[in-house]
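Participant: The following block contains a protein sequence and its predicted model.
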Amino acid sequence: MALKGAWTPDKVRQRIRVSMLTKRLQDHAIGKLEMTDSQRKATEILLKKTLPDLSAVDSTIRGDAAAPIMISSTDGSL
């Protein structure tokens, strides 16, 4: 029986690809690497397919001196 979220070779390869794409975009953003418009667009499309869109998560953080901080999200992930 496979464990939920277990690391498989395919998951590891996907994480490596995502990491490589992210690094290329970061290098481009700071001027270390030139990318064509086509390369940037392709990278953006691939990352959107593999990384969660964090802009869709609505989260709230509340707290005061008498109560601990409470964190919640609308999608139930926290």
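Facilitator: All right, it came through fine. Keep in mind that this is a model prediction, so the values were computed, not measured. Residues are numbered from 1 along each chain as shown.
Participant: can you list the residues that contact stretch 25-44?
Facilitator: 21, 24, 47 (C-beta atoms under 8 Å, 6 or more residues apart in numbering). Just so you know, the C-beta spots here come from the backbone N, C-alpha and C atoms, and that holds for glycine as well.
Participant: Show me which of those are buried.
Facilitator: Buried members of the contacts of stretch 25-44, scored by 16 or more other C-beta atoms under 10 Å, are 21, 24.
Participant: quick one: residue 52 from residue 18, how far?
Facilitator: If you measure residue 52 against residue 18 using C-beta to C-beta, to the nearest Å, the figure is 11 Å.
Participant: make that residue 43, sorry
Facilitator: When residue 43 is compared with residue 18 (using C-beta to C-beta), they lie 10 Å apart.
Participant: what kind of secondary structure is residue 34 in?
Facilitator: Assigned by DSSP: H, G, I helix; E, B strand; the rest coil, the conformation of residue 34 is coil.
Participant: That one - how many residues pack around it?
Facilitator: Neighbourhood size, residue 34 [other C-beta atoms under 10 Å]: 8.
Participant: Same check on the one 5 residues further on?
Facilitator: Summarising burial for residue 39: neighbours were counted as other C-beta under 10 Å, giving 14.
Participant: what comes up buried for the one helix or strand it maps to?
Facilitator: Using DSSP states H and E, residue 39 maps to helix 37-50. Using 16+ other C-beta under 10 Å as the test for burial, helix 37-50 gives residue 43.
Participant: for the record, mean pLDDT for that helix?
Facilitator: For helix 37-50, the mean per-residue pLDDT is 89.
Participant: Residue 46: what's it in contact with?
Facilitator: With C-beta under 8 Å, 6+ apart, residue 46 has these contacts: 17, 21.
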